[in-house]
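[1] sequence-free structure coming up:
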């Protein structure tokens, strides 16, 4: 695939009658009138357009992107994944869903049916006041937004979102409210993974 830049030049044409002693004087008079804005050409004077194209250049589409990978019970970390749908679905373990909770040009990509399928609760999403309004279930990643699709998480935003999702979280039900508790990452105990304290919603 190549990218080209096409320049469009539109032509307007209008005849202006003036009295003058010579051709040169007539042309000078009309030019002065045009410069002063006394002669205006508009859409009614359109007579055609020319199109010119440069030589173009090869467009290399990214096949991988740098994202912040957030797994249940683990520290968030930067990772490289494929940009294709299959690669993104494999990363989250299901059909992808894009969520745009922040003003920055980023998206959270998660499993669309993570909660429905009983995946472990992962991280809380908070509003501008710090109140929890949703919890993401299962592995998700934070990526940037390209012109038409998802892209690498911008370098200047990597630390911001790594800090936001760095520590694993457990969720404790207290009456009608949910308490979010930062926890240490899960570690193998010889018989399998230790389970962090938490709840299932």
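    That came through, no problem. Keep in mind that what you see is a predicted model, and the values were worked out from it rather than measured. Residues are numbered from 1 along each chain as shown.
[2] only C-alpha atoms for contact and neighbour calcs from this point on.
    Fine.
[3] number of nearby residues for residue 79?
    Residue 79 sits with 13 neighbouring residues when counted by other C-alpha atoms under 10 Å.
[4] ok, longest helix in this structure?
    Among all segments of the chain classified by DSSP state H, the helix with the greatest residue count is helix 23-35.
[5] so how far is it from its chain's centroid?
    On the basis of C-alpha atoms, centre = their mean, to the nearest Å, helix 23-35 is displaced by 53 Å from the centre of the chain it belongs to.
[6] can you list the domains in this protein?
    Residue ranges for each domain of the chain read 2-57, 64-182, as given by automatic domain parsing.
[7] can I get those in TSV including mean pLDDT?
    Formatted as TSV, the domains of the chain follow (pLDDT from 0 to 100):
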stretch	mean pLDDT
domain 2-57	90
domain 64-182	94
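[8] highest mean neighbour count out of those?
    domain 64-182 (a mean of 17; mean count of other C-alpha atoms under 10 Å).
[9] where do the helices of the protein begin and end?
    Taking DSSP H as the test, the helices found in the chain are 23-35, 85-92, 155-165.
[10] and residue 182, what does it touch?
    167, 168, 169, 170 (C-alpha atoms under 8 Å, 6 or more residues apart in numbering).
[11] quick revisit: as CSV, the helices of the chain with distance to residue 146 would be great.
    Compiled in CSV, those are given as follows (distance: least, C-alpha to C-alpha, whole Å):
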stretch, distance to residue 146
helix 23-35, 44
helix 85-92, 15
helix 155-165, 14
